[in-house]
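Q: sharing a model prediction with you, sequence too.
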Amino acid sequence: MTALKSLLLTQAIAILALLISTTGADAASLTRKERTALAQQEAAKYVELRKSGIDEVSNTEESVALRNYRLRAKKRKGLLRKREASLAAVLFPGVSPEEYNSDEDMVIYADLVESKKTQVPFEFYDMPGCAMPDMKFKRVRKNLGSRLQGHDAKPSPFALKVGQESPCSPLCKVTLAGKKLRWVRQLVERQYRVQLTLDQLPVLMRSKELNYAVRGYPVGFKAPASSGVLKAEEFYLYNHLKFTVTYHEGDDHEGIHITGFDVHPVSIQHSFTPGADVNPSTQVETCNAPGAGPVVNNPSTYLSLRQGVTGEALEVLFSYEVNWVSSDVEWADRWDVYLIGAPDDDIHYFAIVNSLMIVLFLTGAIATIMIRTLRQDIAGYNEMQTLEEAQEETGWKLVHGDVFRPPQFAPMMLSVLVGTGSHIGAAFFFTMICFMLKFLNPMNKGQTLTTIIVLYVLSGSIAGYVSSRVYKFFDGKAWKLNTIYTAIGLPGVLVAMFMVLNVFLTIAGAATAVGFLMILAVFSLWCLVSAPLVFIGAYFGLRADKIEVPTKTNQIARVIPDLPWHVNPVVTVALGGILPFGSVCIELAFIMSALWLHQIYYVMGFLLAVLLILGATCAEVSIVMCYLQLCSEDHRWWWKAFFNCASAGAYMFLYSLWFLSSRLDLVGVLPVIVYLTYMSMISICFALFCGAIGILAAFWFNRTIYGAVKVD
């Protein structure tokens, strides 16, 4: 029976692999009915294999076939005509594999120790453990974004040679007591995980039984209250690591390619002489002594994070072992398992497309209504011939002498906000273009953040130009002050918020705390590059002719009648931000998961489409709100047009509060402060961008409709 079951499974796997390859190779030549039948056969074989107990995270032939089925949609490139590709080509375009020869030294890099329960990561060598080895290694280049995010990859103390099996090897002994012991217990309680990389592959913990794979390994674990063997609520430390390095040998290349980097942590109370020094050559009874058994997780030998009965310090011996396993998994497919564990993989594309189609439908409907209504209004106004008819006119034409009147309240502030919002939109758009042209890789978060900062700095002229042109239209005279506010407004607010947060991060010893030199570098970018470019843009904006409008402004402002409820500023601001936020809320869920839950996000094409849809939505919402306001004979539309769309930023912040309460399980006050500070920064930038689009669209709309009617 066992042989028969194995044969049937082998046949099912072969059929599934054949179906997947057939779908990829001949999809263009198949009819829709044939493609549907193939998809149903694939799904049936997948369910059959999963029911038989085969997991999706191992490196076996069966698991590879299941992964290929789950990731078949992701392994396609192209916008209109999809073509088959590996995940390595999708995530890391243009990157070639590194080849290693036998007995060659390799370096396991240690990165951050981080937790989903707190947004306060620490460096690997901040934890009590072995010291960094004195060795020559290839330094990982650090950019501005990596430094701001706290990434500082350093060689770990684990020695590694290509192809050499390493049995249990002691590393060092560490004494834990007092504050140090309490801090480690806190790290365990808050579920911190250690992140290591080998050949740019993050270390992975796999469970065949539970069918999951997760990056990093936990510092330790806490015994559950229902445990009948362990002491309830006790903390235990993982002090032994079992590394498994998977490699692939092929005829088309020399050496080997690293295709997997796994770890299995073990908690064990090693037997050694108390007080004695420990090094890799030390004989340890429970590790490398003759006759020592394998190091396994055994409840009777777990290492408890507790001092001795008489209060003596806890001595911890760290050790590790390395196994090398040959695999048929090729280098191009080594990232497959990392995306299997990501939630919402199957629904991601469909949700975004659904959101875009809804927004496009609403955009078309609004545009159609506005065009038909305005055409009738303009035709009716132009047909008025007599003075009596002109005196009886109502609606938006009545305010033609006041519609372009500069705002009475803070015109300089409004021009600064519009210029800053345009600056943010331009920097984000240029970043998306870099992604689409493959100049940037979304998997490299440090490089992405660096590029965003640099593009924001280099596009400062846009802020100065837009702000100065709007301020000149308002007949403002203090153009120097306007330019200075534009240059220092948003950067000053964000830097002030970050500096206050940085004080708390420094006190906590977080890896994301920024030093004085980095602060000086960012300040230099601001003062020496961004601010001068803002002044250059303002110079050209002030030299340009004043924006012309089709009507003259009356000397005395028209009295505004009582407004109906639907154009009340409170109502329009509350309703105006719903549609712009709704156009990005689904995509925002995936972005938030990537930012705060350490998930992988790389679909920048969809993000660019969402940006364009957001701009169109803000423009049309602003136009509709402005039209309804003018029809009510209210000519004070400047600030209202800004806040009608800028309120989307408030909805984003409310969404972040919901995300905090439902998706995150933060522990402590500082993680909540970190989260709210960064989400406040993002919400402010989002509000400024939407508000700038809204006011520019309303201004264009007013110039267009008043230029189409006959005004005496």
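A: Nice, I can see it.

Q: so which elements touch the helix ranked longest in the chain?
A: As assigned by DSSP state H, the longest helix anywhere in the chain is helix 669-706. Under the contact criterion of 3 or more CB pairs under 8 Å, 6 or more residues apart in numbering; DSSP states H and E, helix 669-706 touches helix 411-436, helix 479-508, helix 604-631, helix 638-662. Every residue, glycine included, has its C-beta placed from N, CA and C.

Q: among the ones you listed, which comes closest to residue 127?
A: With CB to CB, the closest approach to residue 127 among these belongs to helix 479-508: 14.1 Å.

Q: the longest helix of the chain to helix 411-436, inter-axis angle?
A: 100 degrees (axes from the mean of the first three to the mean of the last three CA atoms, to 10 degrees).

Q: in helix 669-706, what's buried?
A: By 16 or more other CB atoms under 10 Å, the buried positions in helix 669-706 come out as 670-671, 673-699, 701-703, 705-706.

Q: hang on, the earlier thing: the helices and strands packed on helix 669-706: lowest mean pLDDT?
A: In terms of mean pLDDT, the lowest-scoring of the helices and strands packed on helix 669-706 is helix 604-631 (a mean of 85).

Q: also compute the angle for that one relative to helix 411-436, please.
A: Using the same axes, to 10 degrees: helix 604-631 against helix 411-436 is 150 degrees.

Q: so what's the gap between helix 604-631 and the chain middle?
A: Centroid displacement of helix 604-631 relative to its chain, using CA atoms, centre = their mean, to the nearest Å, is 24 Å.

Q: circling back to that earlier point, which of the helices and strands packed on helix 669-706 sits closest to residue 316?
A: helix 479-508 (23.5 Å).

Q: contacts for the following helix or strand past that closest one?
A: Using DSSP states H and E, the helix or strand that directly follows helix 479-508 along the chain is helix 516-525. Helix 516-525 has contacts (CB atoms under 8 Å, 6 or more residues apart in numbering) with 144, 147-148, 453, 457, 495, 499, 502.

Q: show the buried residues in these.
A: Here, 16+ other CB under 10 Å leaves 144, 147-148, 453, 457, 495, 502 buried among the contacts of helix 516-525.

Q: now do the contacts for the closest residue to residue 66 other than its chain neighbours.
A: Distance criterion CB to CB, 6 or more residues apart in numbering; nearest residue to residue 66, sequence neighbours excluded, is residue 56 at 4.6 Å. Going by CB under 8 Å, 6+ apart, residue 56 touches 63, 66-67, 70, 211, 337, 340.

Q: checking residue 56 next. Helix, strand or coil?
A: coil (DSSP: H, G, I helix; E, B strand; the rest coil).

Q: pLDDT weak spots in the stretch 451-600 of the chain?
A: Within the stretch 451-600 of the chain, no range satisfies pLDDT under 70.

Q: is the residue nearest to residue 202 when sequence neighbours are not counted bridged to anything, and to what?
A: Leaving aside its chain neighbours, residue 202 sits nearest to residue 215 (4.5 Å; criterion: CB to CB, 6+ apart). Applying DSSP bridges to residue 215 gives these bridge partners: residue 204.

Q: OK, contacts around residue 215?
A: 193, 195, 202-205, 338, 598.

Q: what do you get for residue 486?
A: 415-416, 419-420, 463-464, 467-468, 534, 538.

Q: dump those to TSV, plus distance to residue 658 and neighbour count.
A: Listed next are those as TSV, based on distance: CB to CB, whole Å; neighbours: other CB atoms under 10 Å:
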residue	distance to residue 658	neighbour count
415	34	27
416	31	27
419	32	33
420	27	28
463	32	32
464	37	28
467	34	32
468	39	27
534	36	30
538	40	29
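
Q: closest one to residue 637 out of these, please.
A: Distances from residue 637 to these, taken by CB to CB, are shortest for residue 415, at 15.4 Å.

Q: that closest one reaches residue 478, doesn't it?
A: No: using CB atoms under 8 Å, residue 415 makes no contact with residue 478, being 10.8 Å away.

Q: what about the strands in the stretch 201-350 of the chain?
A: 201-202, 204-207, 212-215, 217-218, 220-222, 235-237, 240-248, 257-266, 314-326 (DSSP state E, counting those that start in this stretch).

Q: in TSV, list those strands along with distance to residue 548.
A: Below are the strands of the stretch 201-350 of the chain laid out as TSV (distance: least, CB to CB, whole Å):
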stretch	distance to residue 548
strand 201-202	58
strand 204-207	63
strand 212-215	58
strand 217-218	66
strand 220-222	70
strand 235-237	73
strand 240-248	68
strand 257-266	64
strand 314-326	74
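
Q: save those as TSV, and put in mean pLDDT too.
A: As requested, these are exported to TSV (pLDDT from 0 to 100):
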stretch	mean pLDDT
strand 201-202	90
strand 204-207	88
strand 212-215	85
strand 217-218	94
strand 220-222	91
strand 235-237	92
strand 240-248	92
strand 257-266	92
strand 314-326	91
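
Q: please identify the most buried of those.
A: Among the strands of the stretch 201-350 of the chain, strand 235-237 has the highest mean neighbour count (mean count of other CB atoms under 10 Å), at a mean of 23.

Q: who touches it?
A: 184-185, 188-189, 219-223, 230, 267, 302-306, 316.

Q: list only buried entries from those.
A: Of those, these count as buried by 16+ other CB under 10 Å: 184-185, 188-189, 219-223, 230, 267, 302-305, 316.

Q: hmm, which of those residues is lowest in pLDDT?
A: Among the buried ones among the contacts of strand 235-237, residue 230 has the weakest pLDDT, 80.

Q: from residue 175, how far off is it?
A: 24 Å (CB to CB, to the nearest Å).

Q: what does residue 457 give?
A: 48 Å.

Q: kindly report the same for residue 536.
A: 60 Å.

Q: what does residue 606 give?
A: With CB to CB as the criterion, residue 606 and residue 175 are 52 Å apart.

Q: so for the two, which sits in the more crowded spot?
A: Counted by other CB atoms under 10 Å, residue 606 and residue 175 do not tie: residue 606 has more neighbours, with 18 against 13.

Q: quick revisit: taking the contacts of residue 215 together, which two end up most distant?
A: Greatest spacing in those, by CB to CB: 193 and 338 (14.7 Å).
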